[in-house]
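S.K.: Pasting the sequence and the predicted model now:
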Amino acid sequence: MAMTTTEKLTEAFSLALEFRSPGYQDLVSNANAILYVMKQRGGFKTYSGPTIRVRQLYNETGSYTRYNGAQYLSPAPTELFNDAEFTPKMGAVSIMLTGQEILQNAGSGQIEDVFEMHMEAAEQELQDRFTEDVHSAGTSDNQIGGLQLAIPTTTSTGSYGGISRVSNTQWRTTTYNANSITVAGTAITAVTSTTVRPLFNHIVFARSRGSRGPDLICCSTQHYQAYDAALSAIQRINDENGLGKGGFSAMKYYGAGKSIDVVLEGGVGSAMPDDVTYFMSMKDLQFFYNAQRNFERFGGKQMPLNQDAIVSHIGFMGELVLKLPVHTAKLYDSSP
């Protein structure tokens, strides 16, 4: 039976949004490989309170003593911890239907098509803008601090999470310029199919310690093409249960005793910078979100006082946080 009243149509719109709402975090986390891996490895975390506080162990006790018999030990009070503090940001997309659109599409089939188009447009915008923010430097108003802030090119200036990078070397990521680096005695001047594997080996070795280190390599189109050209056909086969299953272009890196996914983060419409590769420690990269605003519909079914329309919103409140920078690195080509 066709729906004939505006109230029934607006209620149908509300129910359609409610039905899709539980999948919005999955929608966003599947938007790019970094978010996908974060979700798979439990990197989406809740927080409470006005800010996000991440405790950092930045010092050792200094009490280690080599001793014999009754020789004195060396207990001493030492400040071991500091808190990085991040301010959560908010973002939303809005879905609006005018009364005219509702009345012009009063048939059940017609109005469902209109619902679908409006919701798909909003969901695509949410994916695109949030992915842009993930790659940002966090310089726009109320923008989350993305990878260009967490993994900057210049690592010894400014602060991150309220902790100075100038005076705290352990709070810095590491940057490698492919135009001015020597690897295994060979001067390298660019990322090519010949140099890309030695560069990857050098960086993974340098940023690893024990079981910790980079466990995801995210490449721009240029670096991904160079890595693809460096491999034999059999080496390009990716585990179908890994990132390939998620629909991403991915290969494997084998080196430094590790097996790491190498994923294409560039491509059409990507916010990934050109000629850049991130070596990510995904144990340390997390997105903290407010449990009451987890890419969810909010605001109910609003009807503006001075407009013939209904409005609803989908949004989040949270921040991207790199908890331990020392295992994460950036490779870039200053003159590709």
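M.R.: Arrived safely, thanks for sending.

S.K.: Would you agree residue 228 is in contact with residue 251?
M.R.: Yes: between residue 228 and residue 251 there is a contact under CB atoms under 8 Å: 6.8 Å. Where C-beta positions appear, they are placed from N, C-alpha and C, glycine not excepted.

S.K.: element containing residue 294, please.
M.R.: Per DSSP states H and E: residue 294 is located in neither a helix nor a strand.

S.K.: Now do the phi/psi pair for it.
M.R.: phi -100, psi 70 (degrees, to the nearest 10).

S.K.: From residue 248, how far out is it?
M.R.: Distance of residue 294 to residue 248, given as CB to CB, to the nearest Å: 23 Å.

S.K.: Have a look at residue 228 and residue 251 and say which one is more surrounded.
M.R.: Remark: of residue 228 and residue 251, residue 251 carries more neighbours, 22 against 17, as counted by other CB atoms under 10 Å.

S.K.: Give me the distance between the helix or strand hosting that one and the centre of its chain.
M.R.: Residue 251 belongs to strand 250-255 when assigned by DSSP H and E. On the basis of CA atoms, centre = their mean, to the nearest Å, strand 250-255 sits 20 Å off its chain's mean C-alpha point.

S.K.: what do you get for stretch 82-97?
M.R.: Worked out by CA atoms, centre = their mean, stretch 82-97 lies 14 Å from the chain centre.

S.K.: Can I get that stretch in CSV, CA atoms only?
M.R.: What follows is stretch 82-97, C-alpha atoms only, in CSV (Å, rounded to 0.1, in the frame of the first residue of the first chain):
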residue,chain,number,x,y,z
ASN,A,82,54.2,11.4,31.4
ASP,A,83,50.8,11.8,29.8
ALA,A,84,50.3,12.9,26.2
GLU,A,85,47.0,14.7,26.0
PHE,A,86,44.9,15.0,22.9
THR,A,87,41.7,17.1,22.3
PRO,A,88,38.9,15.1,20.6
LYS,A,89,37.5,16.5,17.5
MET,A,90,33.9,16.3,16.1
GLY,A,91,32.7,15.7,12.5
ALA,A,92,29.4,15.0,10.9
VAL,A,93,27.5,14.8,7.6
SER,A,94,23.9,15.8,7.3
ILE,A,95,21.1,14.2,5.4
MET,A,96,18.3,16.5,4.4
LEU,A,97,15.0,15.9,2.5
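
S.K.: Would you mark the buried spots in that stretch?
M.R.: 82, 84, 86, 88, 89, 91, 92, 93, 95, 97 (16 or more other CB atoms under 10 Å).

S.K.: The fifth one against residue 143, yeah?
M.R.: Read that as residue 89. Yes: with contact defined as CB under 8 Å, residue 89 counts as touching residue 143 (6.4 Å).

S.K.: Sheet-wise, list the partners of the strand ranked longest in the chain with their directions.
M.R.: Assignment by DSSP state E gives strand 309-322 as the longest strand of the chain. Using DSSP bridges, the strands paired with strand 309-322 are strand 89-98 (antiparallel), strand 285-290 (antiparallel), strand 296-302 (antiparallel).
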